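A.B. asks: any chance you could fold what I've pasted below:
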Amino acid sequence: MSQRGLFLDDAPGERRGVVTLGGRPERLLLLRDGAAAGEVLGARLVGRIRALDAAAGLAFIDLGEGREGVLNFTKETGRPVQGAAVEVEIRTESRNGKSATLRAIGPGEGRPRLLSAAPGLEERLRAFAPGTEIRRGPSARAMADLAQDEAMASDFPLPGGGRIWIEPTRALTAVDVDLGGRAPAPPKKAARAANLEALAEAARALRLKGLGGLVVIDLVGRAHDPAALLAAARTAFAPDNPGVALGSVSRFGTLELTIPRRSRPVVEDLEDEAGAPTPLTLALSLLRELEREALADPGGRFAGVAVTPVAEAARPALEALNGRMGGRLEVRAELPRAGVTFEVVRA
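C.D. replies: Numbering: from 1, shown residues only. So this is what the prediction gives:
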């Protein structure tokens, strides 16, 4: 089994943790400045039951500060009482406009509030590879940049040629296997090899993006070997257990599975609904570039030039960065050169 590595990049405005498998990014964990501690997997809070949907077995919990979570209840757990306080834990983080789901701990007291924060980023990283040293510094910055670029990609090459394309929707995530560019081989043999590689790469890429729920993989070729494909899928998606469920290979050549949703998909923090980098994502990239230039030239003064939304998103973290760099940096809300989203120039 390939060994996992751990990296932690302390960047301006955020910390980025990366888990690698066989030297390639497998997971990306983001902790941006100002992130709400009460929205993270594992956080414990006191909430108040705002409303009940008895038919669906749901309680809607006011978590304070405009946040809400959903709690499932059954005959065994008993029906909650509207208006009552309850102690809960974040079971799955909010995503794509959907509220966090909660696990009931017991009765609560007082106003909605955070009781205990979720495990920190370092603790979360170590859980993926206990006993492994966390690497920091320039190697961590390079690995985090690579992981972020790959997390925002939509297509991924396969080792023997061909690619997979990953397209998330509200209902499911589609994975398309493309044989194009693969070395000539008997069609059935080429399709089999590509499908087996595609399952391993899809599992890695989905973990990197943080995507879960229903996944439909459109395999290439016909006359598949279901036993071999299901065995490969079980191995590829084993790190996502417990909770992975595999369907059979359909007569249409698709393999369906469900992956448990736990953390908020990292792509929702990196990209907007159109799949473009958010102003904050671009702003943090700009700040890393400013930091890089300032470290390379300790006496130089530099400015980041970006469109207004990006410049404004960069300013909150700029003050702390300037405190370390002697006040040599600034960000200007100006149009950069044509063809670039931002640039760093000498001030």
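
A.B. asks: Glu87 versus Lys98, what's the distance?
C.D. replies: Using C-beta to C-beta, to the nearest Å, Lys98 is found at 22 Å from Glu87. Just so you know, the C-beta spots here come from the backbone N, C-alpha and C atoms, and that holds for glycine as well.

A.B. asks: please apply the same query to Ile259.
C.D. replies: According to C-beta to C-beta, Ile259 and Glu87 sit 28 Å apart.

A.B. asks: between these two, which is the more surrounded one?
C.D. replies: The residue with more neighbours, out of Ile259 and Glu87, is Ile259; 20 against 17, by other C-beta atoms under 10 Å.

A.B. asks: does the more buried one really touch Val244, like I thought?
C.D. replies: Yes: the pair Ile259 / Val244 is scored as a contact, 5.8 Å apart, by C-beta atoms under 8 Å.

A.B. asks: give me the common contacts of those two.
C.D. replies: Both Ile259 and Val244 are contacted by Phe237, under the criterion C-beta atoms under 8 Å, 6 or more residues apart in numbering.

A.B. asks: helices of the chain, residue ranges please.
C.D. replies: 121-128, 138-151, 187-209, 226-236, 266-270, 279-296, 308-325 (DSSP state H).

A.B. asks: any chance of CSV for these, columns distance to Pro25?
C.D. replies: Compiled in CSV, these are given as follows (distance: least, C-beta to C-beta, whole Å):
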stretch, distance to Pro25
helix 121-128, 12
helix 138-151, 4
helix 187-209, 6
helix 226-236, 16
helix 266-270, 11
helix 279-296, 17
helix 308-325, 23
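
A.B. asks: which of these sits closest to Arg332?
C.D. replies: Proximity to Arg332 (C-beta to C-beta) singles out helix 308-325 among the helices of the chain, at 6.5 Å.

A.B. asks: buried residues, the closest one. List them.
C.D. replies: Neighbour counts over helix 308-325 (16 or more other C-beta atoms under 10 Å) mark 310-311, 313-314, 317-318, 321-322, 325 as buried.

A.B. asks: next, the angle helix 279-296 makes with that helix.
C.D. replies: 30 degrees (axes from the mean of the first three to the mean of the last three C-alpha atoms, to 10 degrees).

A.B. asks: please export the C-alpha coordinates of helix 308-325 as PDB.
C.D. replies: C-alpha atoms of helix 308-325 as PDB (Å, rounded to 0.1, in the frame of the first residue of the first chain):
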ATOM      1  CA  THR A 308     -11.900  45.600  -6.800                       C
ATOM      2  CA  PRO A 309     -13.500  42.500  -5.400                       C
ATOM      3  CA  VAL A 310     -10.200  40.700  -5.200                       C
ATOM      4  CA  ALA A 311      -8.400  43.700  -3.700                       C
ATOM      5  CA  GLU A 312     -11.100  44.100  -1.000                       C
ATOM      6  CA  ALA A 313     -11.000  40.400  -0.100                       C
ATOM      7  CA  ALA A 314      -7.200  40.600   0.300                       C
ATOM      8  CA  ARG A 315      -7.100  43.500   2.700                       C
ATOM      9  CA  PRO A 316      -8.200  41.800   6.000                       C
ATOM     10  CA  ALA A 317      -5.200  39.400   5.800                       C
ATOM     11  CA  LEU A 318      -2.800  42.000   4.400                       C
ATOM     12  CA  GLU A 319      -2.400  43.800   7.700                       C
ATOM     13  CA  ALA A 320      -1.000  40.600   9.400                       C
ATOM     14  CA  LEU A 321       1.200  39.900   6.500                       C
ATOM     15  CA  ASN A 322       2.600  43.400   6.500                       C
ATOM     16  CA  GLY A 323       3.300  43.100  10.200                       C
ATOM     17  CA  ARG A 324       5.800  40.300   9.400                       C
ATOM     18  CA  MET A 325       7.200  42.100   6.300                       C
END
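
A.B. asks: and the residue nearest the centre of the chain?
C.D. replies: The residue lying closest to the centre of the chain (C-alpha atoms, centre = their mean) is Val266, at 2.1 Å.

A.B. asks: quick one, grab the pLDDT at it.
C.D. replies: On the pLDDT scale, Val266 is placed at 95.

A.B. asks: ok, now which ones touch Glu271?
C.D. replies: 152, 277-278, 281.

A.B. asks: same check on Ala84?
C.D. replies: Counting by C-beta under 8 Å, 6+ apart, Ala84 touches 48-49, 107-108.

A.B. asks: ditto for Arg91
C.D. replies: Residues near Arg91 by C-beta under 8 Å, 6+ apart: 41, 100-103, 262.

A.B. asks: of the residues you listed, which pair is most distant in space?
C.D. replies: Farthest pair in the contacts of Arg91 (C-beta to C-beta) is Leu102 and Arg262. Separation: 12.9 Å.

A.B. asks: which one's more surrounded, the two?
C.D. replies: Counted by other C-beta under 10 Å, Leu102 and Arg262 do not tie: Leu102 has more neighbours, with 23 against 16.

A.B. asks: distance of that one from Ala274?
C.D. replies: The gap separating Leu102 from Ala274 is 31 Å, by C-beta to C-beta.
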